[in-house]
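[1] got a structure for you, letters missing:
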């Protein structure tokens, strides 16, 4: 069957995919609590005749589908299921019903697209080998992929390659993009706690060791790490995301402790080590200079997402078969992070971007913002991409 015929057939049940996507959007579940979502996924897969394994990596689901033609190869197709801790500001009917949580990254759409592919392939098994449909929890916490791998994902469900996909607001619907090699950065958290004596900020500041002075110098020094320790041509990021200390209702009290936390992004392990080392050195030296102490922590979350060069042509060809080569581009490296990186450390594969569209004036609501929503116009196309990829990898010929 031709790729266009595949897309046309999937379009006939696009309303079902939209209903699934919006139902998931209305009931967001965060990091390793995706019980309702996982149950919905498992129910649909069983209804379509797939072999289903639940609770892989706590709340992960794997659906296994065997082709009807001879073949020993297997590929994994992965979608993430979790939501974010964001208060949704949208007012449409399918907005989140859970206070403080929303699908602000499109994982509801990712899940629905992979379900659409599972439905189609369950009815068209003319391929050789096995498809493992991997529905992963806790991507936002960067713990879901490691949890599934630790639970035997690739030993219990062997694959020769694994593929992931994420929507991209601003990229038009009908376009795809990826790149060989690094596509997303390694993502870590870091934190420093400065401790001093505290004191009376008005009557006796001279008797205190002022942690806020050490903090102030540190906040400026953080931004010297990249330009003075890494090559100017190297992509990396170090940002502050949280500062806390003192009592809001007691501004005359100098705090005895302040905390600063942030994130680091990098593409080389050597850059990660430089950032980790310099954060600790700056914190300690500035604390000492101001009579305080500093305790540093560095929390690696996920490594860089690195596409296998030999698999990028396969994924790009699968997309081009649907939308034409002119609509499959090469995307620049991004300092966003993605725990699909852990799966790509285990198996060759590709992380693909699918267009989520933009308004007529070019504006759009980006992921991780309270007005974002997945574009339902991309659902059938995303499902068809997964099917096209199976055709590329497992030898399903056009009819």
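    Thanks, I have it. All of these numbers come straight from a predicted model, not from anything done at the bench.

[2] need phi/psi at residue 316.
    Recorded main-chain torsions at residue 316 are phi -70, psi -40, according to degrees, to the nearest 10.

[3] list the contacts of it.
    With contact set as Cβ atoms under 8 Å, 6 or more residues apart in numbering, residue 316 has these partners: 176, 178, 328. Placement of C-beta: from N, CA and C, glycine included.

[4] helix or strand for residue 82, which one?
    Counting by DSSP states H and E, there is no helix or strand that carries residue 82.

[5] whoops, residue 86 was the one
    Short version, using DSSP H and E: residue 86 is in no helix or strand.

[6] quick check, it in contact with residue 367.
    No. Under the criterion of Cβ atoms under 8 Å, residue 86 lies out of contact with residue 367, with a separation of 10.2 Å.

[7] from the contacts of residue 316, which land in strands?
    In this view, those that belong to strands under DSSP state E are 176, 178, 328.

[8] neighbours of the nearest residue to the first one once chain neighbours are set aside, just the number please.
    Nearest in space to residue 176, with sequence neighbours left out and distances taken as Cβ to Cβ, 6 or more residues apart in numbering, is residue 319 at 3.9 Å. A count of nearby residues for residue 319, using other Cβ atoms under 10 Å, gives 28.

[9] and residue 103, by the same measure?
    Taking other Cβ under 10 Å as the criterion, the count of residues near residue 103 is 32.

[10] which residues touch it?
    Applying Cβ under 8 Å, 6+ apart, the residues near residue 103 are 24, 25, 28, 83, 84, 96, 374.

[11] adding pLDDT, write those out as CSV.
    Compiled in CSV, those are given as follows (pLDDT from 0 to 100):
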residue, pLDDT
24, 98
25, 98
28, 98
83, 98
84, 98
96, 98
374, 98
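
[12] pick the one among the residues you listed closest to residue 113.
    Out of the contacts of residue 103, the one with the shortest distance to residue 113 is residue 374. That distance is 9.4 Å, counting by Cβ to Cβ.

[13] now do the SS call for that closest one.
    Taking DSSP: H, G, I helix; E, B strand; the rest coil as the rule, one finds residue 374 in the coil state.

[14] can you name every helix or strand that whichever strand or helix holds residue 298 contacts?
    Under the criterion of DSSP H and E, residue 298 resides in strand 293-302. If contacts are counted by 3 or more Cβ pairs under 8 Å, 6 or more residues apart in numbering; DSSP states H and E, strand 293-302 sits against strand 186-195, helix 269-289.

[15] average pLDDT across the next helix or strand after that strand?
    Downstream of strand 293-302, the next assigned helix or strand under DSSP H and E is strand 305-307. For strand 305-307, mean pLDDT rounds to 98.

[16] re earlier: surely the residue nearest to residue 176 touches residue 387?
    No. Taking contacts as Cβ under 8 Å, residue 319 lies outside contact range of residue 387: 11.6 Å.

[17] domain ranges for the chain, per the record?
    3-185+304-394, 186-302 (automatic domain parsing).

[18] which of those is buried the deepest?
    With neighbours defined by mean count of other Cβ atoms under 10 Å, none of the domains of the chain is more surrounded on average than domain 3-185+304-394, at a mean of 20.

[19] using the three-state scheme, assign the residue nearest in space to the middle of the chain.
    Central residue check for the chain by Cα atoms, centre = their mean: the C-alpha nearest the mean position is that of residue 338, 3.8 Å away. State at residue 338, reduced to three classes by three-state DSSP: coil.

[20] how about residue 114: what's its closest non-neighbour residue?
    Nearest non-adjacent residue to residue 114 (Cβ to Cβ, 6+ apart): residue 79, at 3.9 Å.

[21] low-confidence bits of the stretch 201-350 of the chain, can you list those?
    Using pLDDT under 70 as the threshold, the predicted model of the stretch 201-350 of the chain has no low-confidence range.

[22] and the helices in the protein?
    In the chain, the helices defined using DSSP state H lie at 3-12, 14-26, 35-47, 107-123, 144-150, 153-156, 211-222, 225-229, 269-289, 312-323, 340-346, 379-394.
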